[in-house]
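[1] Here is my input, please return the structure:
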Amino acid sequence: MGDAMKITPLDIQQMVFQVKLRGYDREEVNRFLEEIAQTVEYLNRDNATLRDRIMTLEQQVSDLKRTEATLSTTLISAQSLAEDVKRSAQRDAELIVKEAELKASELFRQARVELGSTQRDLSLLQKQRLLMVERMRATLHTFERMLDVEASEAYQDHNVMQEEKLEGESSPTR
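    Residues are numbered from 1 along each chain as shown. Model prediction:
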């Protein structure tokens, strides 16, 4: 029912019809009007209850929409934060990998430098060893020649002594 035709139960109860010849039974019309008034009163109460219920539900819908908007905003913020954290973690991981690569490269460079130095030292030590071996051989060879000369002189001295001894025994004593 629209706002233009609001009929209250009281309007129905107070309605007075003109009496004409051959009209309706007055008691029957009054009873019917009373029933209509009760029905309209019931419908008005029911309508008021439904309007209250609609207002309550509309308020709940409004509250739920606000909650949904808040949750949506929170979800968007959480997703954005998660993406930021993920990007930050990715950057950190890339930085860690880059630093590790730089350290590994530096360690490799240092190892090559040390290897070169060690190889030079080893080469120098090998040359020194060869030089020492040659010097020892030369010294040994010198000692061998000296021993040979000494042995030869000793042999000659021994032979000379033997000859002198033999000559001394064969010559007349004077």
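
[2] So which residue is dead centre in the protein?
    Among the residues of the chain, the one closest to the centroid is Ala89, at 5.4 Å (C-alpha atoms, centre = their mean).

[3] Let me know the helix or strand that that residue is in.
    helix 26-170 (DSSP states H and E).

[4] pLDDT below threshold where in this protein?
    Scanning the chain for pLDDT under 70 picks out the ranges 1-5, 171-174.

[5] count of residues packed around Gln79?
    Neighbour count of Gln79, defined by other C-beta atoms under 10 Å: 10. Placement of C-beta: from N, CA and C, glycine included.

[6] my bad, Lys65
    Neighbours of Lys65 under the rule other C-beta under 10 Å: 10.

[7] ok, now the one 4 residues further on?
    For Ala69, the tally of surrounding residues (other C-beta under 10 Å) stands at 10.

[8] which ones are touching it?
    By C-beta atoms under 8 Å, 6 or more residues apart in numbering, the contact set of Ala69 is empty.

[9] distance of it from Ser62?
    As defined by C-beta to C-beta, to the nearest Å, Ala69 lies at a distance of 11 Å from Ser62.

[10] Could you do Asp52 as well?
    15 Å.

[11] How about Glu68?
    From Glu68 over to Ser62 the distance is 11 Å, taken as C-beta to C-beta.

[12] swap in Gln38?
    With C-beta to C-beta as the criterion, Gln38 and Ser62 are 36 Å apart.

[13] More neighbours: those two, which one.
    When neighbours are counted by other C-beta under 10 Å, Gln38 comes out ahead of the other of Gln38 and Ser62, with 13 against 10.
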